[in-house]
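K.L.:
Pasting the sequence and the predicted coordinates here, then a few questions.
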Amino acid sequence: MPLIPMRPLLDFAAAKNFGVCALNVNNMEQIQAIMEAARATSSPVIIQASRGARKYTNDAFLEHLMKAAVELYPEIPVVMHQDHGNSPETCISAIRRGFTSVMMDGSLEDDGKTPSSYEYNVAVTRYVVDIAHSVGVSVEGELGVLGSLERMSGDKEDGHGAEGKLTLKELLTDPDQAVDFVQRTGVDALAVAIGTSHGAYKFSKKPTGDVLVIERIIEIHKRIPNCHIVMHGSSSVPKNLIDIINQYGGKIPETYGVPVEEIQRGIQAGVRKINVDTDNRLAMTGAIRKVLTENPAEFDLREYMKAARAAMQKVCEERMRQFGQAGHAKEVPFVTLDQMAKDYIAGKFGEAAKPRSALKIGNPK
Ligand code: G3H
Ligand code: 13P
Ligand code: ZN
């Protein structure tokens, strides 16, 4: 199946009440791991690339690897999503590269680290929605700043994320503001801040409701039932994966992620897209360390990359089953970008989602 936009997949997931993991990729083996997991579990998938991943792959490698994935796994519906776009330019260049969905993360300024004003977020996100919807591409926005409610600080990692101390108001998405944001921007999906953060160091102990506020999702979903909620920073950081790394020479301190059962509660409360990157990084790193420690003379990179790929596939299969997307690959409706553009313009997804620039940008009669 050619790539599909994200909106019809999340609409389908909402109708059937399941969640879809959005998995970050940087190389061939990670794409292979996801596609094999999708085939093994008959799952639709969202594959996402950060700005860092696009830079690492020089875009061209990523684009062609994705084409290969679609060609080799024709039975799997695949969404290709820009993760944490920092500016309209990033989102537009992703669309030109064939991404079918983009995130305009206007919660931060385009430096990717300074919390932005609400009006900036609305304006920049609206601008991207107008462009993306006019060509049928889905848009995810973000309201609230990702970060830790334990430390009251941002989650800057690898150059992305807010720096320094944040207020409770910034760290927890306001349900009233979410209503206004969705009405004014017309986004298809909304990433919310509820205490999750990127990377392995999310919580110092198993999180309780005061630092991982799933209740907030319930409140937000009640107010914006037609906009799909996204949970970022949703790796579970399983102890067994940390243990493997440490057993084979690594030094990862004790740390906790988002328990799978809390994500499942989130899905019941309206979460449709769940971002997972760190768990796969941990799984691959542990597998590589194990192969190289047990076979110090090994230098055929295929040996440790095969082990890494298999370890990531295992994590992906687990999440696909746990979030409920397993078994649904065949049922997801195939919708082209052209059809989506027509539907947005016709108002099928509501007045707010209509692209205001459609007549100027494309879709000739
Ligand atoms: O946004 C967070 C993802 O884990 C991507 O991380 O920017 O290091 O590729 P990255
Ligand atoms: P994790 O670091 O928890 O895997 O989160 C990934 C993410 O949110 C990517 O946008
Ligand atoms: Zn994220």
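P.N.:
Ah, there it is. Ligands and ions are numbered 1, 2, ... in the order given.

K.L.:
right, and residue 149 touches residue 171 too?
P.N.:
Yes. Contact criterion Cβ atoms under 8 Å: residue 149 and residue 171 qualify, at 5.7 Å. To be clear about C-beta, it is placed using only N, CA and C from the backbone, and glycine gets the same treatment.

K.L.:
Overlap of the contact sets of those two?
P.N.:
Counting by Cβ atoms under 8 Å, 6 or more residues apart in numbering, the contacts common to residue 149 and residue 171 are residue 195.

K.L.:
Pull the contacting residues for residue 137.
P.N.:
Taking Cβ under 8 Å, 6+ apart, one finds 5, 95, 99-102, 337, 340 in contact with residue 137.

K.L.:
After the helix or strand encompassing residue 290, which helix or strand is next?
P.N.:
Per DSSP states H and E: residue 290 is located in helix 278-294. Downstream of helix 278-294, the next assigned helix or strand under DSSP H and E is helix 301-323.

K.L.:
Which SSE is immediately downstream of that next one?
P.N.:
As assigned by DSSP H and E, the chain's next helix or strand after helix 301-323 is helix 337-346.

K.L.:
near ligand 1 at all, the lengthiest strand in the chain?
P.N.:
Ranked by residue count, the top strand of the chain under DSSP state E comes out as strand 78-85. Yes. Counting by Cβ under 6 Å from any ligand atom, ligand 1 has neighbours in strand 78-85: 83-84.

K.L.:
got it, and stretch 92-106?
P.N.:
No. If you take Cβ under 6 Å from any ligand atom as the test, stretch 92-106 misses ligand 1, and the best it gets is 8.9 Å.

K.L.:
Give me the helices and strands touching the longest strand of the chain, please.
P.N.:
Strand 78-85 sits against helix 6-16, strand 20-24, strand 45-49, helix 51-56, helix 60-72, helix 88-96, strand 101-104, with contacts defined as 3 or more Cβ pairs under 8 Å, 6 or more residues apart in numbering; DSSP states H and E.

K.L.:
Next, format the contacts of residue 137 as a markdown table and append neighbour count.
P.N.:
A markdown table is the format used below for the contacts of residue 137 (neighbours: other Cβ atoms under 10 Å):
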| residue | neighbour count |
| --- | --- |
| 5 | 28 |
| 95 | 20 |
| 99 | 29 |
| 100 | 28 |
| 101 | 30 |
| 102 | 29 |
| 337 | 19 |
| 340 | 25 |
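
K.L.:
Please settle this for me: is residue 229 part of a helix?
P.N.:
No. Counting by DSSP: H, G, I helix; E, B strand; the rest coil, one finds residue 229 to be strand, located in no helix.

K.L.:
so how far is residue 311 from it?
P.N.:
29 Å (Cβ to Cβ, to the nearest Å).

K.L.:
Ok, residue 293 next?
P.N.:
14 Å.

K.L.:
do the same with residue 76
P.N.:
Distance from residue 76 to residue 311, by Cβ to Cβ: 21 Å.

K.L.:
same check, this time on residue 331
P.N.:
As judged by Cβ to Cβ, residue 331 and residue 311 stand 29 Å apart.

K.L.:
Looking at these two, which one has more neighbours?
P.N.:
residue 311 (22 against 12; other Cβ atoms under 10 Å).

K.L.:
got the contact list for the residue nearest to residue 16 when sequence neighbours are not counted?
P.N.:
Excluding the flanking residues, the one nearest residue 16 by Cβ to Cβ, 6 or more residues apart in numbering is residue 328, at 6.8 Å. With contact taken as Cβ under 8 Å, 6+ apart, residue 328 is in contact with 12-13, 16, 18, 42-44.

K.L.:
The same query, at a cut-off of 7 Å, please.
P.N.:
Contacts for residue 328 (Cβ atoms under 7 Å, 6 or more residues apart in numbering) come out as 16, 18, 43-44.

K.L.:
same deal with residue 198?
P.N.:
146, 155, 157, 161, 232-233.

K.L.:
Narrow the residues you listed to those in strands?
P.N.:
Per DSSP E, these never map to strands.

K.L.:
Which two among those residues are spaced furthest apart?
P.N.:
Greatest spatial distance among the contacts of residue 198 (Cβ to Cβ): 157 and 232, at 11.8 Å.

K.L.:
Looking at the two, which one has more neighbours?
P.N.:
Set residue 157 next to residue 232 and count neighbours by other Cβ under 10 Å: residue 232 wins out with 25 against 14.

K.L.:
quick one, strands of the stretch 101-250 of the chain?
P.N.:
For the stretch 101-250 of the chain, applying DSSP state E, counting those that start in this stretch gives strands covering 101-104, 138-143, 147-148, 153-154, 189-192, 228-231.

K.L.:
hey, which of those strands is tucked in deepest?
P.N.:
strand 101-104 (a mean of 30; mean count of other Cβ atoms under 10 Å).

K.L.:
For that strand, which helices and strands make contact with it?
P.N.:
Packed against strand 101-104 by the contact rule (3 or more Cβ pairs under 7 Å, 6 or more residues apart in numbering; DSSP states H and E) you find strand 78-85, helix 88-96, helix 118-134, strand 138-143.

K.L.:
as a whole number, average confidence for that strand?
P.N.:
The predicted model assigns strand 101-104 a mean pLDDT of 98.
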